[in-house]
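S.K.: Structure of the sequence below:
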Amino acid sequence: MSFSLDDLIPISALQHVLFCERQYALIHLEQLWAENQFTAEGKVLHERVDAEHHESRRLFRQEYGMAIRFLEKGLIGKCDLVELWFSGDGKVKRVSPVEFKRGRQKADDVDRVQVCAQALCLEEMFDITIETGQLYYLQEHRRSDVVLDEEIRRKTLALIDRIRAIGETGRTPSADYESKKCDRCSLIDSCMPKHTGIDSRSVDHFIQSQLRSVKNAYADNETE
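M.R.: Okay, here's the model as predicted:
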């Protein structure tokens, strides 16, 4: 299946939709973005990583800022670091994506999904199976392995399908305020989760009650 440029999904969108579907839609459908401390620090970290020198030996090479794609699913992105090992005849025998993060290791799959998406791209590009990737957390100063098992692969592919489903509707999901998550989001002022997350049934009930009031007032005027 071929995709147009407008249909291509950036790898970053998978993190956004897993973190919050409304955040995904605000960024990728409504083209909204705002910096806060966390996004600014992350941007500086990735710029620093991209500026690193490439290490290369006869059977090993490091590539920073490598552009990647997964044509089968219309996925595109860039790896902070790709490490490649070669056999004696120059063929690629092992590939590992390494993603750099500013904070600490998370309990959820937000970061692991990103590494998995990178691996899916690299698998298609190099026609190779990638069993593990790595995450480097700045505050921990160490790498941690990401096992790319069937569970994380299914979750990553399901997120791609979910993004396409949201895109087909063209609608931004309603807000669902969660203080711990929402207060850290750079889009909180645009999202306004405390004010826009209103249950649709409550809205319908309000509209119907107002219509009844208007009808009653009209009927009273007719009988006078």
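
S.K.: mind checking which helix or strand of this structure has the lowest mean pLDDT?
M.R.: helix 37-50 (a mean of 51; mean pLDDT, DSSP states H and E).

S.K.: ok, E83 - contacts?
M.R.: F60, R61, Q62, E63, V95, S96, V98 (CB atoms under 8 Å, 6 or more residues apart in numbering). Using the backbone N, CA and C atoms, a C-beta is placed for each residue, glycine as well.

S.K.: Restricted to buried residues, select those residues in ChimeraX.
M.R.: Selection command for ChimeraX covering only the buried members of the contacts of E83, criterion 16 or more other CB atoms under 10 Å:
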select :62,95,96,98
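
S.K.: can you list the contacts of E83 in CSV and add secondary structure?
M.R.: What follows is the contacts of E83, written out as CSV (DSSP: H, G, I helix; E, B strand; the rest coil):
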residue, secondary structure
F60, strand
R61, strand
Q62, strand
E63, strand
V95, strand
S96, strand
V98, strand
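
S.K.: now the strands for the chain?
M.R.: Ranges of strands in the chain, per DSSP state E, are 9-10, 56-57, 60-70, 75-86, 92-101, 132-137, 142-147.

S.K.: out of those strands, nearest to P173?
M.R.: Judged by CB to CB, the one of the strands of the chain that comes nearest to P173 is strand 9-10, at 17.0 Å.

S.K.: That closest one - what's its average pLDDT?
M.R.: Summarised as a single mean, pLDDT over strand 9-10 is 95.

S.K.: how far does it sit from the chain's center?
M.R.: Offset of strand 9-10 from its chain centre (CA atoms, centre = their mean, to the nearest Å): 9 Å.

S.K.: other SSEs contacting that strand?
M.R.: Contact analysis of strand 9-10 by 3 or more CB pairs under 8 Å, 6 or more residues apart in numbering; DSSP states H and E lists strand 75-86, helix 150-169 as its packing neighbours.
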